[in-house]
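S.K.: Pasting a predicted model and its sequence here:
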Amino acid sequence: MNVLARLIIFPLLIVILGSFSQVKAQGDAAVPFLLLAPDSRAGGIGESGGGLADNSAAIFWNPAGIAFLDGTELSITHSNWLPQFKLDLFYDYLTFRHYVPSLNGSVTASVTYMNFGEFVWTGEASPDPLGTFRSFDAAITLGYATKILPSLGVGGNFRVIHSRLSDKPVGLQQEKGIATTVSFDIAAMWRPQELPIPLIGDLGKKLSVGLNISNLGPTIYYINQEQADPIPTNFRLGFAFRLMDIDYNSLTYTLDFSKLLVTRRTNDKPSDPFYKAIFTSWTDGGSFREELREVVTSMGLEYWYGTPGDFQFAVRGGFFYEDPDYGNRKFMTLGAGIRYDMYGFDFSYITTSVFKGRETHPLSETLRFTLSIGWGSLLKPTRGLPSGI
């Protein structure tokens, strides 16, 4: 393996094996940056947003949640990724949503960019530098969300994925490390207006349940079709429940379950295509019960104080858990945010220091920062869950 190949593979192995052990546990999936929790708000509540999904970042978590929002919102998130390795890795996420009355729904767009830094290009016979190049992954997403019933929203995304590991040929292979593919998401969100439960009361406008299957699409390859890998199709079931809404105070609990829908590759059998893997990935590793161990659990609490539309501030905490035999990611998250009029700012922080006896995780000390602006309605989130347009 020449120097160029090593320089490309090293940071990618850190990202894939250090941050996305789940991908390796379930199959050989490429472009794992598509699984990154992109925004600071959900990052502060344990990376759980499938049931909440009440701002423009719902494009990632559950695009159907945007069906319950009006107005226009723009946000941008920045994070230096895997800070412990002191590499030139950073992640940017830009989102936009706009309610269009004539379409009875919202149009959405996002840009995801993962920068791997600059590398030195060398030849096979000599380590002398021949030049430099930059590596990155990127995705552009367009979507639409609408309500088909007062309590039921649906949404979908179409995405173009571009991976540029190297614009130079590697070794004897003349192909460059550049690949492009497409994917789509389908999602639903249920926010009942009335839900009377015996002995408990009416949970209407307090409960939200979301389902999102993301990154459905063909394989991606850099060299030839025989070396193609699936993209990380992901299943997410999310819940959000408003525990309190008193005067200027609100408290919301979130809970997500997610699982990669990618089948394992063997020596004599490639991974199943995505339309088959969404079913076979639940049994390819053995019993269904064993497959449930591959489900990742994340949860969080979000507390808001203030008056919607004026000034609000929030504090957040969360927990992320992955089975020790299927990735073993385990960390706590903290976060905070403020809203003033049409402007918002959020940040989140990941820590593994609370788990004694564990080596520091590559994600530890990761910070995310998000700036948002919304107009035409109150900048979400308002207290509790949005009741609809």
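M.R.: Thanks, I have it. Numbers count the residues shown, from 1 in each chain.
S.K.: Isn't Gln193 up against Ser151?
M.R.: Yes: contact status for Gln193 versus Ser151: in contact at 5.4 Å, counting by C-beta atoms under 8 Å. In this view, the C-beta of every residue, glycine as well, is placed from N, C-alpha and C.
S.K.: Need the phi and psi values for Phe288.
M.R.: Dihedral pair for Phe288: phi -60, psi -40, per degrees, to the nearest 10.
S.K.: returning to what we had before: comparing Gln193 and Ser151, which shows the higher neighbour count?
M.R.: Under the neighbour definition other C-beta atoms under 10 Å, Gln193 and Ser151 were set side by side, and Ser151 has more, 19 against 12.
S.K.: Chain neighbours aside, what residue packs nearest to the more buried one?
M.R.: Pro192 (4.8 Å; C-beta to C-beta, 6 or more residues apart in numbering).
S.K.: Where does Ile59 sit: helix, strand or coil?
M.R.: helix (DSSP: H, G, I helix; E, B strand; the rest coil).
S.K.: Check the gap between it and Thr77 for me.
M.R.: 12 Å (C-beta to C-beta, to the nearest Å).
S.K.: now swap in Ala188 and tell me
M.R.: 25 Å.
S.K.: can you pull the contacts of the residue nearest to Ser151?
M.R.: By C-beta atoms under 8 Å, 6 or more residues apart in numbering, Pro192 lies in contact with Ser151, Leu203, Gly204, Lys205, Leu207.
S.K.: does it sit in a helix, a strand or a coil?
M.R.: Assigned with three-state DSSP, Pro192 falls in the coil class.
S.K.: before we move on, what about Gly49?
M.R.: Assigned with three-state DSSP, Gly49 falls in the coil class.
S.K.: I'd guessed it sits against Trp61; true?
M.R.: Yes: with contacts defined as C-beta under 8 Å, Gly49 counts as touching Trp61 at a distance of 3.5 Å.
S.K.: Give me the common contacts of those two.
M.R.: With C-beta under 8 Å, 6+ apart, Gly49 and Trp61 have common neighbours Ala42, Gly238.
S.K.: Could I get the full set of helices for the stretch 201-350 of the chain?
M.R.: Under the criterion DSSP state H, counting those that start in this stretch, the stretch 201-350 of the chain contains helices at 274-280, 288-291.
S.K.: Could you check how far the last one is from the centre of its chain?
M.R.: Taking C-alpha atoms, centre = their mean, to the nearest Å, one finds helix 288-291 lying 24 Å from the centre of the chain it belongs to.
S.K.: In it, which residues are buried?
M.R.: Within helix 288-291, the residues that count as buried by 16 or more other C-beta atoms under 10 Å are Glu291.
S.K.: Numbering from 44 from now on, please.
M.R.: Yep, numbering from 44; the last one is helix 331-334 now.
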